[in-house]
Structures are given as structure tokens and as C-alpha cells.
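# Take a look and give me a structure for this.
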Amino acid sequence: MNWKIRLLVPCLSLTCLMTCTIAYSKESEQLKALVLTGQSNHGWSVSSSHIQHVLEANGLFSVEVTTAPPKGADMSHFSPEFKPFDVVVLEYNGDPWQELVQRSFEEYMQLGGGLVISHAATQNFPHWPAFNTMIGIGGWGGRDENAGPYVKYRNGSVVLDDRPGVAGACVDPHEFQVVTRVADHPIMRGLPSRWLHAKDELYSDLRGPAKNMTILATAYSDPQRSAHWGVRTTGTGEHEPMAYTVRYGEGRIFGTPMGHVDGGAQPGSGPWPAIECVGYTTLMQRGAEWAATGRVTQEVPVNFPAEAARPERGER
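Now for the predicted structure:
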């Protein structure tokens, strides 16, 4: 492909990602990942299947999928075991877990567990304080200034904005640039300084405790684009967190608000460019390894979206 064209096109080839990623040594013991799913206002059956697929693709993880009861069903017998796993990938946005499960998960994370969340999972459990500390920032669910500050990136620095207001705005799906902010973090090492993510919703105005949080990458929420599912009708005109980490006790969390799949989507439907984008998939693979181990051994795939030709409007 002509390199000048590559600068403008997000890479969507999941097959190429699998073949271009350096395979994990078969002599090494695989990491154990739990994908917890079953309820969401998004297409959880599509996204959870995709996450399982990409985590298994390079041989680094063995993956188990646990599916919660349907929304509104009896949750009293839903009691997943967390301790056997190196990382939990939460592809869930639904009914609260019973208190015993919440305490078990808190202990798992305090003692060094790993957690990965993306897109709709950032809307989870607004009334569970420990979970909100784990994820750093979230949206919707009645979150407002009592949940913590808005987290923005302004003039080269992370800013915690305490102004009042509800959390969560969703800029309509479009391709957008992702800007690396911490290039030497293991998850981000070797990635371009700016790359074009495939068509996706751009979550904005997320807020939360933001403790022990590092913003790894941002994207510009363009005020000339329309927004929905929030009080805003346009983008914020600011750079919003797109990849970040949080430390909770000895535990490690990787989060991204990217990764939209329409509600009700079923396996075999699509395409779903937001989750099929090699940029998103690479972040999920690397984020899961870092959350599980504190390091990243995976190479950047050769078909990772190339560096953008110029800064996007409003980038700073």
C-alpha cells in the first residue's frame, strides 16, 4: 500500500493483526483471562466473542467466558470466581452484583488482580464506590460532580475539572485521531504519536475519582460534530481520555471508552469497525497483558494504523 494513503486510513484487518502479531512462546505458561459478559445496552455477544478471539489470537492468553443471567433475572446464583484468573475483561453493563460478589472482586483487585474495561463497561455500577475508584472515570448512571471531577487534557497536562454537571456525552460515530500522551508506558511503547481510529462513538465528559490514574492517550471531541445520549448536543471542544490506567491496591486496570457495537447486535452481523480496528485490538491485547503482569511483551503489529499526516483540529 502506498505509504501516503496509509496515513489517512485506519487499519481494519483483524486477520492481518493475528498473523502479524508476534506469537507468544508455546513453552511459556499462558495467562488466564476471564471475559465476564451477559448484560449491556450494547451488543455484548458480539464484543465478548471478539475479545475472546483477539486475546487468544497470539497464544498469550487462555480465555474463559462467563455469562451473567439476563437483565432483570435472579442474580443470587451469579457468583463468578476471580482468583484463578490473571485478568478480568468486563464486557458487562447491567444489574448490580450481589454484595458477596462485589467484596470478592474488591479483594481480588486489592491483592493484585487485573481488570480491563472498554466502552459501555465505563457506565457500570455508579453506586459501587470501590468499583468507581477502580475504573477512574465513568459516564451516565446518574453520575455528577459527586462522582468526582471531569478528566480533561488541556495544554499538555491532565486537568481535573470540578465544575458541576452530569457525566457522559456520546459524539456520533466517526473516524478520529488518537493521540499518544505517555509514549514510554509499556502499553503505548512503539505506537505512533497520532493514529486514525476507525468509525466509533467518542465518549466525552467522563468523570470519577480519577485516583492513581494515568492518561495514556486522548482524542479531540469536535464541537462541530453532533452528540447524543447526554445533555450535550455537540462535542466538547476538548481532548478526552481514550486510553488510561489505574492502580487499585496491588491491582492494575486498563480502560478505554472506544469499542462501540450497536445494542442487539448478534454474532455474524457487522462489520463493526470500532472493535475490528487494529488500533483498538492492539490496545486491548496490550492492556490485558499489562493488567495481568505489569509488563508488555507483544510487538506492535506491522499493520497498526500509521501515524496521521497532520494534527487534527483542536489538537494540543
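
# Point out where this protein drops to low pLDDT.
1-28, 309-316 (pLDDT under 70).

# Would you map the strands across it?
With strands called from DSSP state E, the chain shows them at 31-37, 61-67, 87-90, 114-118, 150-154, 157-161, 169-180, 194-204, 213-220, 227-228, 239-248, 251-256.

# Residue 79 is nearest to which of those?
strand 61-67 (10.1 Å; Cβ to Cβ). To be clear about C-beta, it is placed using only N, CA and C from the backbone, and glycine gets the same treatment.

# Next, the angle strand 31-37 makes with the closest one.
20 degrees (axes from the mean of the first three to the mean of the last three Cα atoms, to 10 degrees).

# Now strand 61-67: buried residues?
Buried residues in strand 61-67, defined by neighbour count with 16 or more other Cβ atoms under 10 Å: 61, 63, 65-67.

# that older thread, columns distance to residue 49 on top of the strands of the chain, output as TSV?
Output for the strands of the chain, formatted as TSV (distance: least, Cβ to Cβ, whole Å):
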stretch	distance to residue 49
strand 31-37	9
strand 61-67	8
strand 87-90	12
strand 114-118	14
strand 150-154	31
strand 157-161	34
strand 169-180	21
strand 194-204	18
strand 213-220	25
strand 227-228	26
strand 239-248	22
strand 251-256	18
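
# Tell me what residue 207 is bridged to.
residue 138, residue 150 (DSSP bridges).

# Surely it is in contact with residue 149?
Yes: contact criterion Cβ atoms under 8 Å: residue 207 and residue 149 qualify, at 5.8 Å.

# who has more neighbours, those two?
Using other Cβ atoms under 10 Å, the more surrounded residue of residue 207 and residue 149 is residue 207, with 28 against 16.

# Now do the contacts for the more buried one.
137-139, 143-145, 147-151, 167 (Cβ atoms under 8 Å, 6 or more residues apart in numbering).

# Report the two of these separated the most.
144 and 151 (14.4 Å).

# what number of residues lie near residue 95?
Residue 95 - counted by other Cβ under 10 Å - has 18 other residues nearby.

# Same question for residue 79.
Residue 79: 11 neighbours (other Cβ under 10 Å).

# What distance do you get for the closest residue to it other than its chain neighbours to residue 34?
In space, and not counting its chain neighbours, residue 79 is closest to residue 101: 5.7 Å by Cβ to Cβ, 6 or more residues apart in numbering. Distance of residue 101 to residue 34, given as Cβ to Cβ, to the nearest Å: 13 Å.

# Correct me if wrong: residue 83 contacts residue 112.
No: Residue 83 is beyond contact range of residue 112, at 10.5 Å (criterion: Cβ under 8 Å).

# Between those two, point out the one with more neighbours.
Taking neighbours as other Cβ under 10 Å, residue 83 and residue 112 compare with residue 112 leading, 14 against 9.

# contacting residues for the more buried one?
249-252.

# Between these, which sits nearest residue 183?
For those, the nearest to residue 183 is residue 252 (19.1 Å; Cβ to Cβ).

# so where do the helices sit in the stretch 1-150 of the chain?
3-6, 14-20, 44-57, 99-110, 129-135 (DSSP state H, counting those that start in this stretch).

# I'd like the ones you listed written out as CSV, with distance to residue 89 added.
Shown next, in CSV, are the helices of the stretch 1-150 of the chain (distance: least, Cβ to Cβ, whole Å):
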stretch, distance to residue 89
helix 3-6, 30
helix 14-20, 17
helix 44-57, 6
helix 99-110, 13
helix 129-135, 13
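
# Out of those helices, flag the one nearest residue 261.
Among those, helix 44-57 sits nearest to residue 261 (Cβ to Cβ), with 4.8 Å.

# And that closest one, what does it pack against?
Helix 44-57 is packed against helix 14-20, strand 31-37, strand 61-67, helix 273-276, helix 278-293, with contacts defined by 3 or more Cβ pairs under 8 Å, 6 or more residues apart in numbering; DSSP states H and E.

# still on that earlier bit, farthest-separated two in the contacts of residue 112?
Going by Cβ to Cβ, the pair spanning those furthest: 249 and 252, at 9.8 Å.

# more neighbours, these two?
Taking other Cβ under 10 Å, residue 249 and residue 252 do not tie; residue 252 has more neighbours (22 against 17).

# end-to-end on stretch 239-256?
This stretch, stretch 239-256, spans 14 Å end to end (Cα to Cα, to the nearest Å).

# What is the neighbour count of the residue nearest to residue 79?
So residue 101, with other Cβ under 10 Å, has 15 neighbours.

# surely it meets residue 80?
Yes: in this structure residue 101 lies within contact range of residue 80 using Cβ under 8 Å: 7.1 Å.

# which residues touch residue 229?
Taking Cβ under 8 Å, 6+ apart, we find residue 229 in contact with 140, 168-170.
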